[in-house]
Structures are given as C-alpha cells and as structure tokens.
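In: Let's see this in three dimensions:
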Amino acid sequence: MRWALVKVCLAVTTMVVVAFAVPLGLVVKEMARDRAFSNAEREAAAVAPALSITTDRDKLERVVASAGADSGMAVHLPAADGRAALDLGRQRAAHRDIEAVRKLGRASTTSVGGGSTLLQPVALSSGTAVVEVYVPESEVSNGVGTAWAVLAGVGLALIVGSVAVADRLGVRMVRPAQRLVEGAHELGEGKLGARVPEEGPNELRLAAVAFNSMADQVVQLLANERELAADLSHRLRTPLTVLRLNAASLGGGPAAEQTRTAVAQLEREVDTIIRTAREAKPQTAAAGPGAGCDAAEVVRERMDFWSALAEDEGRKWRVAGVERPVRIPVARADLAAALDALLGNVFRHTAEGTAFAVDVHNGEDAVIVLISDAGPGISDPEAAMARGRGSGSAGSTGLGLDIVRRLAEATGGDVRIGSSVLGGTEVRIWFQLDGRKPGGKGHRGAVRRRRSGKLVSTFNRPRSHP
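Out: Residues are numbered from 1 along each chain as shown. Here you go, the predicted model:
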C-alpha cells in the first residue's frame with residue numbers, strides 16, 4: 001500500500017511537471033529568439049537616419065562600422081542618377097532575398113550559415129535601400145540552456161519532494177495497518193495478549209480500537225469457557241466418588257478389577273480436564289526431539305483393557321504392528337484417549353460378536369493407525385466427522401472423532417473414514433512425524449504401499465488373542 005501510494009504520487013507529479021515544463025521551455029526559447037531579432041531591428045533602425053541624409057560611401061562605412069558589431073551589418077543601396085548599386089559591409093543574404101525585400105518593402109528574415117539575417121527596407125528618394133543585420137545562432141539560443149536546466153532542476157525537486165511527502169503519508173497510513181495485521185496474526189496463533197496501538201488515521205484508529213475490544217472479549221469468553229468446563233467437570237466428582245465406593249465393594253474377580261481400573265482412570269481424566277481448564281495450557285503433543293510416546297506400547301495397553309470386554313461379548317479381535325517401538329509426537333494420554341474413543345465407538349455402535357482389529361504401520365515420515373470393524377459401516381463419513389453431528393445413530397455426537405481429528409492434525413496429519421476389508425468401517429489416523437502437511441512424498445508413498453496390498457495384507461493374518 002505504501003509503495004503503491006508512492007508510485008501514484010510519482011506518476012501524477014511527473015505528468016504535471018512535464019505538462020508545465022515543456023511549454024515553458026518552448027516559451028523561453030521563443031522569447032530568446034524574439035529578443036535577438038529585436039536587437040537586430042534596433043541596429044537596423046539606427047542606420048536608417050544616416051541613409052536618408054547621405055549616400056556617401058565613406059560616411060556610410062563609418063556609420064555601418066559603428067552600428068554593426070563584429071561585421072554583422074551590411075547596407076545595400078540601389079542604383080540611382082547614373083550611379084551603380086552600392087553594397088557596404090559583409091553580405092550574407094542571397095541577392096534574390098535582398099531584391100524581394102526591396103520590391104515588397106517589408107522586413108524579412110532568412111537563414112544563412114551559422115545563424116539568420118534580418119533584411120530591413122529603408123525608403124530613400126532614389127529608391128529602397130536594404131539594411132542587412134546578421135543574427136548568429138548563439139545569440140538566438142543565448143540563455144535557453146540555462147533556463148531549461150533551471151526548469152529541469154525545479155521539476156526534479158518537485159518530484160523528489162512529492163515522493164518524500166507521499167512516503168511519509170504512506171508510512172503514517174501503512175504502519176498502523178501493518179500493526180493491525182500483525183496483531184490479527186498473533187491473536188490467530190493463540191497469543192491472547194496481542195494488542196494494537198490506537199494511532200494513525202481516524203479509520204485505522206477506530207479499527208485498532210475495535211480489534212482491541214474484540215481481543216478483550218475473546219480473552220474473557222475463553223476464560224468463561226475454561227471456568228465452565230472446570231465447574232462442569234468438578235460436578236462429576238460426586239458420582240465418581242459413589243462409583244469408586246461401589247466398585248470397592250464388588251470384591252475380587254477380573255470384572256471387578258476392570259471396573260475399579262476404569263473408575264480410577266475416569267477420575268484421572270476428570271482431574272486432567274480441571275487442571276487444563278484452570279491453567280489454560282494445551283495437553284496435546286509436545287514439540288522437540290524425543291517428545292511424544294510409543295504408539296505400540298499405548299496400543300498394547302489399551303487393547304489389554306478392551307480385550308476383556310471383547311471376550312465377554314464374543315468379539316474376535318486382532319492387533320498388529322506393535323512388536324517394535326513406534327515413536328509419534330503425541331502425548332501418551334491423548335493417544336490413549338483417542339484410541340478409547342474409537343474402540344468405544346466399535347463396542348457402542350456394532351452388535352455383540354462383531355470382529356475388530358487395530359493395526360500400526362510405521363513409515364519413514366509418518367505413522368498410520370488403523371481401527372477396523374466388521375459392522376454395518378458409516379453411510380456418510382463426512383457427516384460423522386462433523387463435530388456435534390456424529391454418524392446419526394443413537395448416542396453418536398461426533399465428539400470422539402473430532403478429538404481424534406484434532407490430535408492428528410496437530411502433527412500435520414489427518415483422519416479418514418472408509419470401508420475396511422472386514423466389511424465395516426475403517427478409521428485411518430495419520431500422524432506426521434516431521435510436522436509437514438499431508439500430501440507430500442511420504443504421504444503418497446504410504447498410500448501406494450496401502451494400495452499395493454501391504455496394508456491390507458495385515459487383515460489376512462491369523463487372529464491373535466492375549
């Protein structure tokens with residue numbers, strides 16, 4: 001914007017300077033020419049009285065010598081009273097031009113080598129004499145170059161001055177706009193303390209005031225949301241306490257132990273939600289080398305938890321790709337929550353006895369986690385991914401899939417829903433290891449490997465049970 005304003009001002013000022021300087025230069029040149037020929041006319045007029053008094057050659061030569069500087073004047077007398085025509089001084093004009101002026105009786109100018117001549121007729125009793133005054137080119141252009149140089153300097157000064165003024169005005173307008181843009185970027189990046197100085201032109205000052213007011217409201221709204229989330233989570237403590245007491249009275253056995261483990265985990269999750277809401281710190285993947293967790297270990301741990309329920313419901317299940325450590329840039333608790341949300345969907349939305357599988361595929365720059373089932377599938381995957389909508393079945397809100405999606409996108413990956421080789425739904429979670437957006441070389445390579453059968457072949461392995 002600043003440079004655009006400077007360019008416009010430069011173009012306009014240049015046009016104005018040219019529009020005025022060119023005509024002024026031509027006027028100066030014409031004025032210099034008129035001045036030179038006016039001087040020549042005065043010199044010719046100074047000789048006319050002497051011609052009317054005498055035609056003596058000696059006297060006229062003295063008059064011509066005193067009137068015409070540097071042999072710049074000549075007098076041409078006509079023949080009369082048996083006397084031949086007389087030419088005094090250095091003749092530069094052609095005879096035909098002299099005779100034409102004598103015949104017409106009007107002054108005339110003609111071009112000669114090195115300049116021009118003024119031919120001025122003078123009426124005598126014996127005829128018409130012609131006074132020739134030489135005007136050199138240097139006298140015609142005397143002072144023109146200096147005047148043009150002055151005009152060019154003034155025009156250049158006007159252009160430079162206008163550009164400087166436009167630049168200052170542009171800075172005054174652009175700098176507040178740039179600060180407003182920077183503040184918007186900072187606020188969009190999560191820097192809630194970003195504010196904009198309320199200065200500059202009136203419109204930008206009002207925009208800065210509105211931006212700061214909006215930022216204050218955003219901070220207040222987020223604070224209110226965090227307090228509400230903490231309060232709502234805190235309300236769960238009372239029923240959790242009852243569940244914990246009831247679980248303690250169940251006695252021994254695998255089911256009772258799993259129930260107590262689930263209650264303890266639920267209490268930890270509620271505590272995490274409350275602390276996160278109070279501290280306003282995200283609990284997703286940490287940055288830096290070595291940060292994150294072992295996806296294989298987390299998958300084994302969560303499958304150990306869900307396998308007991310799967311056996312109770314007669315579900316066949318399988319896990320693959322967890323034999324070796326698989327590091328991903330995701331917090332352990334977040335990955336466990338994502339897996340629980342997807343596996344919980346399998347148990348919640350498919351009939352008892354429906355098989356499911358979890359596969360982990362480790363690539364050079366990405367890790368893929370596949371959760372597949374043999375259920376009826378999802379008719380509208382896009383609607384299922386929409387937060388607050390879900391698959392449309394009873395008890396489905398879409399929040400679980402949205403949590404998984406945001407977790408994957410935090411690493412530069414994504415989540416996709418498709419059909420699995422088991423006949424039901426396949427949820428593919430893509431974790432990018434280098435933080436790049438999906439669609440690069442690594443992403444295409446993994447897709448090619450999947451299409452070639454390497455990813456699909458894992459479903460054909462024998463089912464394994466713990």
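
In: Next secondary structure after the one helix or strand V12 maps to?
Out: Using DSSP states H and E, V12 falls within helix 2-53. Note on helix 2-53: by DSSP H and E, the next helix or strand toward the C-terminus is helix 57-67.

In: For the protein, which segments count as helices?
Out: Ranges of helices in the chain, per DSSP state H, are 2-53, 57-67, 95-104, 137-140, 144-188, 202-234, 237-248, 254-279, 295-312, 332-349, 381-385, 399-409, 441-451.

In: Now the third one: buried residues?
Out: Right, the one you point to is helix 95-104. Judged by neighbour count (16 or more other Cβ atoms under 10 Å), helix 95-104 contains these buried residues: D97, I98, A100, V101, R102. Placement of C-beta: from N, CA and C, glycine included.

In: And the helix holding V12, what does it pack against?
Out: helix 57-67, strand 73-77, strand 115-124, strand 127-136, helix 137-140, helix 144-188 (3 or more Cβ pairs under 8 Å, 6 or more residues apart in numbering; DSSP states H and E).

In: worst average pLDDT in the ones you listed?
Out: Here the lowest mean pLDDT among those goes to helix 57-67, at a mean of 71.

In: That one versus helix 2-53: what angle between them?
Out: 160 degrees (axes from the mean of the first three to the mean of the last three Cα atoms, to 10 degrees).

In: How far off centre is helix 57-67?
Out: Distance of helix 57-67 from its chain centroid, counting by Cα atoms, centre = their mean, to the nearest Å, is 82 Å.

In: where does the stretch 351-466 of the chain dip in pLDDT?
Out: Of all residues in the stretch 351-466 of the chain, those with pLDDT under 70 make up the ranges 386-399, 435-466.

In: ok, back up a step: quick check: which of the helices and strands packed on helix 2-53 has the most neighbours on average?
Out: strand 73-77 (a mean of 24; mean count of other Cβ atoms under 10 Å).

In: Can you give the distance from that strand to the centre of its chain?
Out: Centroid separation for strand 73-77 versus its chain: 78 Å, with Cα atoms, centre = their mean.

In: could you check the angle helix 2-53 makes with that strand?
Out: If you take the same axes, to 10 degrees, strand 73-77 sits at 40 degrees to helix 2-53.

In: CA atoms only for strand 73-77 - export them in PDB, please.
Out: The C-alpha coordinates for strand 73-77 follow below in PDB (Å, rounded to 0.1, in the frame of the first residue of the first chain):
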ATOM      1  CA  MET A  73      25.700  44.600 -40.700                       C
ATOM      2  CA  ALA A  74      25.600  45.300 -44.400                       C
ATOM      3  CA  VAL A  75      23.900  48.100 -46.400                       C
ATOM      4  CA  HIS A  76      22.600  47.600 -49.900                       C
ATOM      5  CA  LEU A  77      21.900  50.900 -51.800                       C
END
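
In: now the angle from it to strand 115-124?
Out: Going by the same axes, to 10 degrees, strand 73-77 makes 40 degrees with strand 115-124.

In: and the angle from strand 73-77 to helix 95-104?
Out: 60 degrees.

In: what's next to strand 73-77, contact-wise?
Out: The contact list for strand 73-77, computed with Cβ atoms under 8 Å, 6 or more residues apart in numbering, reads 43-44, 47, 51, 55, 60, 64, 67-68, 85-92, 98, 102, 124, 127, 129-134.

In: Just the pLDDT at the closest residue to E267 other than its chain neighbours, thanks.
Out: In space, not counting the residues next to it along the chain, E267 is nearest to L240; the distance is 5.5 Å by Cβ to Cβ, 6 or more residues apart in numbering. Note for L240: predicted pLDDT of 72.

In: Check the gap between L240 and Q265 for me.
Out: Distance, L240 to Q265, using Cβ to Cβ, to the nearest Å: 11 Å.

In: for S125, same thing?
Out: 138 Å.

In: do L187 as well
Out: Distance from L187 to Q265, by Cβ to Cβ: 36 Å.

In: go on, V322?
Out: The spacing between V322 and Q265, counted by Cβ to Cβ, is 20 Å.

In: And the two? Which one has more around it.
Out: V322 (19 against 14; other Cβ atoms under 10 Å).

In: isn't the more buried one right up against V298?
Out: No - counting by Cβ atoms under 8 Å, V322 does not reach V298; the two are 9.1 Å apart.

In: residues bridging contact with the two, i.e. touching both?
Out: By Cβ under 8 Å, 6+ apart, no residue touches both V322 and V298.

In: D294 bridge partners, please.
Out: R327 (DSSP bridges).

In: For it, which residues are in contact?
Out: Residues near D294 by Cβ under 8 Å, 6+ apart: P325, V326, R327.

In: Now render the residues you listed as CSV, adding neighbour count.
Out: Listed next are the contacts of D294 as CSV, based on neighbours: other Cβ atoms under 10 Å:
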residue, neighbour count
P325, 11
V326, 22
R327, 16
